[in-house]
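1. Provided below for reference: sequence and predicted model.
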Amino acid sequence: MTTKREWVLQAFKNESVDKVPVGFWYHFTTDEERSDGFNPEIFNKNIAGHKKFVADVNPDFVKIMSDGFFTYPNEQIREGITSIKELEGITSIGENHPWIEKQIELAKKIRDDFPEDIASFYNIFAPATYLKWHLAGKGGNGDTIIENFIKEDAELTKTVLDVIAFDIGLLTKRLIEEVGVDGIYLSVQNLQDSRLSRKEYDHVIKPGELHILNRAISSGGTNILHICSYEGATNDIAYYTGYPADVINWAVELEGVSLSEGRELFGGKTVLGGFRNTENDLLYQGSKEAIQNKVREILDETGRKGVVIGADCTVPNDIAAERIAWVKEAVADELVLKEAVGF
């Protein structure tokens, strides 16, 4: 008998499955707590949040949230740096750094609470994201700072990002090989600076992102690539067409690329999404009928192979569990219909 985990991984690999998986997730800490994972209260809050989420939602798979560990702790990187030259000679934090060790502990404890064999994917940010948050804080002008660095010295900026990528690769390897997570959910984003060129992105930023994805693959993992439009950021998703990921997720309406169009753009890979994710959107405030009609629209557009129903990004953490249940119910109803009419 196929387990829930096996079924989801088959769907992620674009194999034919009986039912389309559903995947939504949200944070279990506040913005202010996202870099405070060494605080036992925050660390345990994240673990308890996952346990309650699994109990309430009965998810098809789990995205393990790295809440508490959003700040990459390389002491050579600090706020107030105005020149990339200040990071010359940067070195790895090492695979046994407490920031890595604590995330290994976090993921183990979360998975230990799973009541069944559920696929899990650990949340990882792109090197440029870790760098800009460390330099300017979340919501700061980190994109501008990094583009300034690229204009100043592209090669040194690439070196800095490659060192960060190396460390994230170490974390990725240990999560898959030691903890047993099934892969990673890598969040990437175009720099939100109009001066950035595709050539600069491909030369300076892309190599580190590829390193992390390939490190996951070499460790036996499955990759979900999230092209993040959080807080209104926009992306040219074509930047990522050659990335070694099994599942691609982006903001369908914001980027103006439907799931079926995106699947074609990404060479037929499995796509994840369909719903907008804010408290102003259908999933959060719409009726059961409207939400289930949306599910049917998504499946009519994409078919039932190579698709996972989800959202653009994280959904509000006070969303009612029944709303996610409505989505799953609509998918199950589609399966019953499929069996009844034989398509």
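-> Ah, there it is.
2. can you pull out the strands in the stretch 51-200 of the chain?
-> 61-64, 119-125, 183-188 (DSSP state E, counting those that start in this stretch).
3. show me the one of those that comes nearest Val295.
-> strand 61-64 (17.3 Å; C-beta to C-beta). For the C-beta atoms, the positions are set from N, CA and C on the backbone; glycine is no exception.
4. out of the strands of the stretch 51-200 of the chain, nearest to Ile309?
-> Across those, closest to Ile309 is strand 61-64 (C-beta to C-beta), at 11.8 Å.
5. how far does that closest one sit from its chain's centre?
-> Strand 61-64 has its C-alpha centroid displaced from the chain centroid by 10 Å (C-alpha atoms, centre = their mean, to the nearest Å).
6. and if you look at stretch 3-15?
-> Worked out by C-alpha atoms, centre = their mean, stretch 3-15 lies 18 Å from the chain centre.
7. buried sites along it?
-> For stretch 3-15, the buried set under the neighbour-count rule, 16 or more other C-beta atoms under 10 Å, comprises 4-5, 7-9, 11-12, 14.
8. before we move on, back to that, will you turn the strands of the stretch 51-200 of the chain into TSV that also has mean pLDDT, mean neighbour count and distance to Phe70?
-> TSV is the format used below for the strands of the stretch 51-200 of the chain (pLDDT from 0 to 100; neighbours: other C-beta atoms under 10 Å; distance: least, C-beta to C-beta, whole Å):
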stretch	mean pLDDT	mean neighbour count	distance to Phe70
strand 61-64	98	22	14
strand 119-125	98	25	7
strand 183-188	98	26	11
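9. reformat those strands as a markdown table; add distance to Ser219.
-> Putting these into a markdown table (distance: least, C-beta to C-beta, whole Å) gives the following:
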| stretch | distance to Ser219 |
| --- | --- |
| strand 61-64 | 16 |
| strand 119-125 | 12 |
| strand 183-188 | 9 |
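10. out of those strands, nearest to Lys158?
-> That would be strand 183-188 among those, by C-beta to C-beta, at 15.8 Å.
11. so which residues make contact with that closest one?
-> 63, 121-126, 129, 172, 175-176, 209, 212-213, 216, 221-228, 240, 245-246 (C-beta atoms under 8 Å, 6 or more residues apart in numbering).
12. among those residues, which are in helices?
-> 129, 172, 209, 212-213, 216 (DSSP state H).
13. and the residue nearest to Ile146 when sequence neighbours are not counted, how close does it get to Ile150?
-> Of all residues not flanking Ile146 in the chain, Lys132 sits nearest, at 5.5 Å (C-beta to C-beta, 6 or more residues apart in numbering). Lys132 sits at a distance of 12 Å from Ile150 (criterion: C-beta to C-beta, to the nearest Å).
14. for stretch 14-34, buried residues please.
-> Buried-residue list, stretch 14-34, by 16+ other C-beta under 10 Å: 14, 17, 20-29, 33-34.
15. next: stretch 261-272.
-> For stretch 261-272, by 16+ other C-beta under 10 Å, it's 262-263, 265-266, 269-272.
16. quick one: contacts for the residue lying closest to Asn123 once chain neighbours are set aside?
-> The shortest distance from Asn123 to any non-neighbouring residue, by C-beta to C-beta, 6+ apart, is to Ser66 (4.4 Å). Ser66 makes contacts with 103, 106, 122-125, as judged by C-beta under 8 Å, 6+ apart.
17. now do 7 Å
-> Ser66 is in contact with 103, 122-123, counting by C-beta atoms under 7 Å, 6 or more residues apart in numbering.
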